[in-house]
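Trainee: here is a sequence with its predicted model. Questions after.
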Amino acid sequence: MPGRSSTSAGFISFSGIESALSSLRNFQSCISSGMDTVSSVALDLVETQTEVSSEYSMDKAMVEFARMERDLSHYVKAVQSTISHVKEERPEKIPDLKLLVERKFLALQDKNSDADFQNNEKFVQFKQQLRELRKQYGMHADRDATGSEGIDEDMIVTQSQTNFICPITQLEMKKPVKNKVCGHCYEEEAIVRMIESKHKRRKKACCPKIGCSHTDMKMSDLVPDEALRRAIECHSKKKKRLLPE
C-alpha cells in the first residue's frame, strides 16, 4: 500500500490509503444499489407471476451481493484497524502494511457464517418483502400444491385491505413505510411528521397502531415497504377496472 515515511520523526503518511478507502466506500454504495435493483426485479417476478426458477436466480444474486458487502466491510475494517494501530505505535520504520491488513482481514473472515446475512439489513428486508408480497398475492404455491385453480384472489385482497390503511390518516397508503421494531406500517409523510413533532417537543413518539407497545420510535426505525406499495397499487388498479365507464 502507498505511504511515505520520515524515519527521524517516526511519521508515516496515509493519504494514499485514505484515498483508497474512499474508493472502497464508493464500491460499497454500488453494492447497495445492486441489492436494491435485485430486490426490485425479484418483486417484479412475484408480481408478474414469473416462473419460480427466475425468482430463485434473484435470491442467489442477493446472496452474492450480501457476501460481497460482508467481505468488503471486513476489508475496510481491517484497513482502518491497521491505520489506527500504526498511528498509535508510531514505528521508526515503515511496517508491511499490506501484510498487517491481510492478517486482520483473515481474522475477520475466519468468523464468517451464513448467519451473517441476517445482519445485512437489505438482505433481511429483501426476504421480508418477498414473503409479504407472496402473502398479498395469495401466492400460487398453495394453489399449485393442492392442484386447485379456483382460489378467489379478490377475497384474498379484501382480507388484506386492513393492511392498506394508515393508522394515522385512516386512508389507503400511497408510500408505506414499515417500522423495523414492531412491524407496523404507516404513510411515510404522516409518520415522519408525527415523529418530528414529538421530538421537537422533546417527547417520545409512540407507534400509532392501537395496542402496540413500541413507545420510542425513531426515524431510523422506518424502511420503505416496497411489497406493500405494490400490493396497494395492484388493488387500486383492480378497483378502477371494476368501476363503470
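Mentor: Okay, I see it.

Trainee: hey, where'd the helices end up in the chain?
Mentor: For the chain, helices defined by DSSP state H occupy the ranges 15-47, 52-89, 97-109, 121-136, 140-146, 153-160, 188-200, 226-242.

Trainee: can I get those in JSON lines including mean pLDDT, distance to Ala115 and mean neighbour count?
Mentor: Every residue, glycine included, has its C-beta placed from N, CA and C. Below are the helices of the chain laid out as JSON lines (pLDDT from 0 to 100; distance: least, C-beta to C-beta, whole Å; neighbours: other C-beta atoms under 10 Å):
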{"stretch": "helix 15-47", "mean pLDDT": "84", "distance to Ala115": "18", "mean neighbour count": "15"}
{"stretch": "helix 52-89", "mean pLDDT": "83", "distance to Ala115": "11", "mean neighbour count": "16"}
{"stretch": "helix 97-109", "mean pLDDT": "87", "distance to Ala115": "15", "mean neighbour count": "15"}
{"stretch": "helix 121-136", "mean pLDDT": "81", "distance to Ala115": "11", "mean neighbour count": "19"}
{"stretch": "helix 140-146", "mean pLDDT": "39", "distance to Ala115": "26", "mean neighbour count": "11"}
{"stretch": "helix 153-160", "mean pLDDT": "44", "distance to Ala115": "31", "mean neighbour count": "13"}
{"stretch": "helix 188-200", "mean pLDDT": "95", "distance to Ala115": "31", "mean neighbour count": "15"}
{"stretch": "helix 226-242", "mean pLDDT": "79", "distance to Ala115": "24", "mean neighbour count": "16"}
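
Trainee: between these, which gets nearest to Cys182?
Mentor: When these are compared by C-beta to C-beta, helix 188-200 sits nearest Cys182, at 12.1 Å.

Trainee: Asn179: which of the helices of the chain is closest?
Mentor: Of all the helices of the chain, helix 188-200 sits nearest to Asn179, with 8.2 Å by C-beta to C-beta.

Trainee: as CSV, could you dump the C-alpha coordinates of the closest one?
Mentor: The C-alpha coordinates for helix 188-200 follow below in CSV (Å, rounded to 0.1, in the frame of the first residue of the first chain):
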residue,chain,number,x,y,z
GLU,A,188,-44.4,7.9,5.1
GLU,A,189,-45.3,11.6,5.2
ALA,A,190,-47.7,11.1,8.2
ILE,A,191,-45.4,9.1,10.4
VAL,A,192,-42.4,11.4,9.7
ARG,A,193,-44.4,14.4,10.6
MET,A,194,-45.6,12.8,13.8
ILE,A,195,-42.1,11.7,14.9
GLU,A,196,-40.6,15.1,14.1
SER,A,197,-43.4,16.9,16.0
LYS,A,198,-42.9,14.7,19.1
HIS,A,199,-39.1,15.1,19.0
LYS,A,200,-39.3,18.9,18.7
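
Trainee: chain center to it, what's the gap?
Mentor: Its chain's C-alpha centre and that of helix 188-200 lie 22 Å apart, by C-alpha atoms, centre = their mean, to the nearest Å.
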